[in-house]
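Student: 3D model of this:
(one chain, ligands or ions: 4)
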Amino acid sequence: MLVNASPQSSPSSSSSNPTMKFTLAFGALLATSAAAFSPVANRAAVSLVSSSSALNSFSSTIFEVRDVNFADTKEQIVKGGRDLFPLLPKAFEGIKEIGVIGWGSQAPAQAQNLRDSLKEAGCDIKVRIGLREGSSSFAEAREVGFTEDADTLGEMFDVIKKSDLVMLLISDAAQAALYKEVFAAMKPGATLGLSHGFLLGYLESIGEKFPEDMDVIAVCPKGMGPSVRRLYEQGKEVNGAGINASFAVHQDKSGKATELALGWGVALGSPFMFETTLSSEYRSDIYGERGILLGAVHGIVESLYRRYQRQGMTPEQAFIESCESITGNIVKIISTRGIKAVYDGLTGDDKEVFKQAYSASYMPAKEILQEIYDEVSSGNEIRTVIMHGKRINKYPVGKIDGTDTWIVGEKVRSERDEENIPLNPFTAGVYVATMMAQIDVLLEAGHPYSEVVNESVIEAVDSLCPYMHYRGVAFMVDNCSFTAKTGSRKWAPRFDYILDQLAYTAVDNGKPVNEDLISAFENHKVHAAVEECCKLRPTVDISVGSASSTKEIVIQ
Ligand SMILES: NC(=O)C1=CN([C@@H]2O[C@H](COP(=O)(O)OP(=O)(O)OC[C@H]3O[C@@H](n4cnc5c(N)ncnc54)[C@H](OP(=O)(O)O)[C@@H]3O)[C@@H](O)[C@H]2O)C=CC1
Ligand SMILES: CC[C@](O)(C(C)=O)C(=O)O
Ligand SMILES: [Mg+2]
Ligand SMILES: [Mg+2]
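Tutor: Ligands and ions are numbered 1, 2, ... in the order given. Alright, predicted model coming up:
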């Protein structure tokens, strides 16, 4: 968990004054025109890949590439499923050793899923874990069968040297600090595999690139590590249960990079894979986790919990009407029937309350969300994460569930009557407005529906909120990446304050409902896209409560 990843100490710095170089590079990034921050515009700028210079033009000779209509847009996807495991030997052709580097949230899940899937497919590929010397994670990796004796566990650079595919799953801040050594250790012809676009964002910010003689791919699960493992295990009973993943082919020297990326996604158990670029991925991912996935939902719950008590509810009832209403009712409706079903299910006064809350919350939430998107696109948020990595030894991340809200919440959870959790229409209006504002910012920036819906809807309802429901907010946030933990802690209070200060006061002062906003919501194209995405995966309630070989992080 601890990183010491300062740009100053980075071996990458070629300038005699690395701090200055870092600052100047970000300055240059900020000075670039707004158009260049659009993922579509940026695609051309960063793409070194001939075959995927435009999205939705990939092909595969191994997996079926399907056209789907997300709202009014045609996109290409590859559907996953265990029935495709027999195709894995072909997709992983030429790969004999896979090095999974790190043991945070993703690595335990991805390494175990890959090992199981490749074995089931009859592939003779070794999956080996690489960790920094002295890492406390050695013991945890051994517990699930990766051992030095079997030569499936070792020091990270030793593992990197032997691997044909290096899955770099150490924290993003550590990737930024160590990338030069990692590239230098990789053997000729090996592929670099990422689960995030962060490293590209960092390299661009300092005017550097990936070495041009290697394949660079990413498979980015749109859900936290424990859910990637748990749903994979459930997929043994329900074919196709899993976490969707985006994939990016950034460099394709071998001509085999797309097949390998798709094979990796299938082996993880993803119900479907959709194409992105590293640039589009890091913008949407870093943004989404600061928004409705983690930061915004935390801020919404805190602000509503206080509001409902001010209105006379007991702390327990206030928690039920805020947090429980979201995690135990609203997200379940969204997961099975879509966002609009929450609204369609309301009648009479409840519908009016929803409209008031929605109409008052949409713009304040969108203001913060747009600010987050701009901070990510400009490189500022990447810089925040790297600077946080530098401070972390002195100021470790603290617990976020020691407050009254979450202590009361623990009691409520222990006494919960799952069948009778209310759907509070005010809570629903605030939550849905924030989700819609997040969707609109991404669509306005040019992200494809597949990315927008996964990063704003499916991940929230299928992967993250179920953990907040059963284990509380800290469990949800702290099983996410270091990048996400940093951002959620930074932005949650901004949502809390702006909703309290602007949205709830507007309602209390009798501001009329903005009918244009409501009509835009009712007729939004995203509803059709959500419906289509949901058809592509079985509706499975994640078994968060059951025992599993999943690593789960609890900060003491
Ligand atoms: N969390 C998630 O669910 C998701 C994460 N991702 C991406 O996956 C990647 C991995 O993230 P995640 O699994 O969350 O892990 P974390 O961000 O929590 O990072 C933890 C891992 O990084 C290692 N690490 C930290 N500093 C160093 C260092 N200086 N040298 C070597 N290793 C170091 C830790 O080692 P040690 O074990 O020794 O402490 C640990 O294994 C990131 O790119 C992230 O953005 C993508 C999708 C979802
Ligand atoms: C939502 C957080 C995440 O992006 C994720 C689980 O996908 C992360 O960085 O952990
Ligand atoms: Mg993330
Ligand atoms: Mg993510």
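
Student: ok, which residues in the stretch 201-350 of the chain are in contact with ligand 3?
Tutor: Asp285, Glu289 (C-beta under 5 Å from the ion). Just so you know, the C-beta spots here come from the backbone N, C-alpha and C atoms, and that holds for glycine as well.

Student: Could you tell me which residues of the stretch 201-350 of the chain lie near ligand 1?
Tutor: Cys220, Pro221, Met224, Gly225 (C-beta under 6 Å from any ligand atom).

Student: What about those residues, which one has the most neighbours?
Tutor: Met224 (30 neighbours; other C-beta atoms under 10 Å).

Student: now the residues of the stretch 201-350 of the chain next to ligand 1 as a markdown table including secondary structure and pLDDT?
Tutor: As requested, these are arranged in a markdown table below (DSSP: H, G, I helix; E, B strand; the rest coil; pLDDT from 0 to 100):
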| residue | secondary structure | pLDDT |
| --- | --- | --- |
| Cys220 | strand | 98 |
| Pro221 | strand | 98 |
| Met224 | coil | 95 |
| Gly225 | helix | 96 |
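
Student: Just the closest of those residues to ligand 2, please.
Tutor: Closest to ligand 2 out of those is Met224 (3.7 Å), distances taken as C-beta to the nearest ligand atom.

Student: Contact partners for that closest one?
Tutor: Counting by C-beta atoms under 8 Å, 6 or more residues apart in numbering, Met224 makes contact with Ser105, Ser463, Leu464, Tyr467, Met476, Asn479, Cys480.

Student: Of those, which is the nearest to ligand 1?
Tutor: Ser105 (3.4 Å).

Student: if I read this right, that closest one contacts Asn479, doesn't it?
Tutor: Yes. Counting by C-beta atoms under 8 Å, Asn479 is a contact partner of Ser105 at 5.4 Å.

Student: quick one: common contacting residues for the two?
Tutor: Met224, Gly225, Pro226, Ile553.

Student: quick revisit: just the ones of the contacts of Met224 in helices?
Tutor: Using DSSP state H, the members of the contacts of Met224 that fall within helices are Tyr467, Met476.

Student: where do the helices sit along the stretch 151-300 of the chain?
Tutor: Here the stretch 151-300 of the chain has its helices, by DSSP state H, counting those that start in this stretch, at 156-162, 172-185, 198-205, 225-234, 257-268, 278-288, 295-310.

Student: quick one: contacts for the residue of the stretch 1-150 of the chain found nearest ligand 2?
Tutor: Nearest residue of the stretch 1-150 of the chain to ligand 2, counting by C-beta to the nearest ligand atom: Ser105, 6.1 Å away. Applying C-beta under 8 Å, 6+ apart to Ser105 gives the contacts Met224, Gly225, Pro226, Asn479, Cys480, Ser481, Lys551, Ile553.

Student: List the contacts of the last one.
Tutor: For Ile553, the contacting residues are Met1, Gly104, Ser105, Asp478, Asn479, by C-beta under 8 Å, 6+ apart.

Student: State the three-state secondary structure for it.
Tutor: coil (DSSP: H, G, I helix; E, B strand; the rest coil).

Student: Quick one: name the residues of this protein near ligand 1.
Tutor: Those residues of the chain that sit near ligand 1, judged by C-beta under 6 Å from any ligand atom, are 1, 3-5, 102-107, 131-132, 135, 137, 169-172, 174, 178, 195-196, 198, 220-221, 224-225, 480-483.

Student: does any bit of the helix or strand encompassing Gln370 sit next to ligand 2?
Tutor: Element membership for Gln370, per DSSP states H and E: helix 348-377. No. With C-beta under 6 Å from any ligand atom as the criterion, ligand 2 is not reached by helix 348-377; the gap is at least 12.0 Å.

Student: buried stuff in the helix or strand that that helix is followed by?
Tutor: The helix or strand immediately downstream of helix 348-377 is helix 380-391, counting by DSSP H and E. For helix 380-391, a neighbour-count test (16 or more other C-beta atoms under 10 Å) marks Glu381, Ile382, Arg383, Thr384, Val385, Ile386, Met387, His388, Gly389, Lys390 as buried.

Student: how close does the residue lying closest to the first one once chain neighbours are set aside sit to ligand 1?
Tutor: Of all residues beyond its chain neighbours, the one nearest Glu381 is Glu375 (4.6 Å), with distances taken as C-beta to C-beta, 6 or more residues apart in numbering. Taken as C-beta to the nearest ligand atom, to the nearest Å, the spacing of Glu375 relative to ligand 1 amounts to 17 Å.

Student: ok, Glu375 touching Ile382?
Tutor: No. Contact between Glu375 and Ile382 fails when scored by C-beta under 8 Å: they sit 9.3 Å apart.

Student: what's the residue in the stretch 101-250 of the chain positioned nearest to ligand 1 in contact with, if anything?
Tutor: Proximity of the stretch 101-250 of the chain to ligand 1 (C-beta to the nearest ligand atom) peaks at Gly104, 2.4 Å away. By C-beta under 8 Å, 6+ apart, the contact set of Gly104 is Met1, Leu169, Ile170, Ser171, Gly225, Ser481, Phe482, Ile553.

Student: Identify all contacting residues around stretch 325-334.
Tutor: 297, 300-301, 341-342, 345, 416, 418, 421-424, 427-428, 431-432, 457, 460-461, 465-466, 468-469, 530.

Student: Run through these and flag the ones next to ligand 2.
Tutor: Okay, of those, nothing touches ligand 2 (C-beta under 6 Å from any ligand atom).

Student: Of those residues, select the buried ones using a PyMOL command.
Tutor: For the buried members of those, the matching PyMOL selection, counting by 16+ other C-beta under 10 Å, is:
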select buried, resi 297+300+301+342+421+423+424+427+428+431+432+457+460+461+465+466+468+469+530
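
Student: three-state assignment of the residue nearest to Lys222 when sequence neighbours are not counted?
Tutor: Of all residues not flanking Lys222 in the chain, Asn454 sits nearest, at 4.2 Å (C-beta to C-beta, 6+ apart). Classification of Asn454 using three-state DSSP returns helix.

Student: circling back to that earlier point, which of the contacts of stretch 325-334 fall in helices?
Tutor: Per DSSP H, those map to helices at 297, 300-301, 341-342, 427-428, 431-432, 465-466, 468-469, 530.

Student: Let me know the closest of those to Ser254.
Tutor: Ser254 lies nearest to Val530 out of the ones in helices among the contacts of stretch 325-334, by C-beta to C-beta, at 36.4 Å.

Student: check contacts around that closest one.
Tutor: So Val530 contacts Ile334, Gly338, Ile339, Val453, Val457, Ile458 (C-beta under 8 Å, 6+ apart).

Student: do you know how far the closest residue to the fifth one other than its chain neighbours is from Ile458?
Tutor: By that I understand Val457. Spatial nearest neighbour of Val457, excluding adjacent residues (C-beta to C-beta, 6+ apart): Val530 at 5.6 Å. Noted for Val530: a distance of 8 Å to Ile458, by C-beta to C-beta, to the nearest Å.

Student: Near ligand 2, list only the ones from the contacts of Ser105.
Tutor: Restricting the contacts of Ser105 to contacts with ligand 2 (C-beta under 6 Å from any ligand atom) yields Met224, Cys480, Ser481.

Student: how about the first one, phi and psi?
Tutor: In this case it means Met224. Here is the backbone geometry of Met224 (degrees, to the nearest 10): phi -70, psi 160.

Student: Just the buried ones from the residues of the chain next to ligand 1?
Tutor: Buried, going by 16+ other C-beta under 10 Å: 3, 5, 102-107, 131-132, 135, 137, 169-172, 174, 178, 195-196, 198, 220-221, 224-225, 480-483, out of the residues of the chain next to ligand 1.

Student: Out of these, which sit inside strands?
Tutor: Leu131, Cys220, Pro221 (DSSP state E).
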